[in-house]
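S.K.: everything below, folded, please.
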Amino acid sequence: MPHSETEDDPVTEHDLLERIEIKPAVMVGKPVIRGTRLTVEYILGLLAHGTAMDEILGEYPGLTVEDIQACLLFATKSLGSTSFMPLHTETA
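M.R.: Just a heads-up that it's a prediction; the model follows:
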């Protein structure tokens, strides 16, 4: 896949999570990809609506595969520590 920074060395979870930052002055404190104004939420929304990773990388040339993986990992870790209620629940 193009735009990968590491071909041979596996990237650790810590390395990926270091790519995400939260600063009150940037995007109202939403988690963003370090050095950008691209929020984790925005990248996840693109993926959720069927935008291919290669399309995202083509639209944002400074972005890497690892940046997108960092967004996915950040969301996974965030959801893992919260209670999630489905939007629709079945009743008996």
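S.K.: contacting residues around Ile20?
M.R.: Listed by C-beta atoms under 8 Å, 6 or more residues apart in numbering, the contact set of Ile20 reads 31-34, 40, 70-71, 74. Any C-beta I mention is one placed from the backbone N, CA and C, and that applies to glycine too.
S.K.: just these: which are in strands?
M.R.: Members of these lying in strands (criterion: DSSP state E): 32-33.
S.K.: which of the contacts of Ile20 are buried?
M.R.: 31-33, 40, 70-71, 74 (16 or more other C-beta atoms under 10 Å).
S.K.: sec struct for Leu16, please.
M.R.: helix (DSSP: H, G, I helix; E, B strand; the rest coil).
S.K.: isn't it up against Ile68?
M.R.: No - counting by C-beta atoms under 8 Å, Leu16 stays clear of Ile68, with 9.8 Å between them.
S.K.: more crowded one of those two?
M.R.: Legend: neighbour count by other C-beta atoms under 10 Å for Leu16 and Ile68, higher for Ile68 (25 against 19).
S.K.: next, the more buried one: phi, psi?
M.R.: Recorded main-chain torsions at Ile68 are phi -70, psi -40, according to degrees, to the nearest 10.
S.K.: which non-adjacent residue is nearest it?
M.R.: Met53 (5.7 Å; C-beta to C-beta, 6 or more residues apart in numbering).
S.K.: which stretches of this protein have low pLDDT?
M.R.: 1-8, 84-86, 88-92 (pLDDT under 70).
S.K.: cutoff 90 now
M.R.: 1-11, 79-92 (pLDDT under 90).
S.K.: in it, which residue is closest to the centre?
M.R.: Taking C-alpha atoms, centre = their mean, the centroid of the chain lies closest to Cys71, which sits 1.4 Å from it.
S.K.: hmm, that residue is touching Gly45, no?
M.R.: No - if you go by C-beta under 8 Å, Cys71 and Gly45 don't touch, sitting 10.2 Å apart.
S.K.: for the closest residue to Arg19 other than its chain neighbours, give its distance to Glu59.
M.R.: Leaving aside its sequence neighbours, Arg19 sits nearest to Ala70 (C-beta to C-beta, 6+ apart; 3.9 Å). Ala70 is 17 Å from Glu59, where distance means C-beta to C-beta, to the nearest Å.
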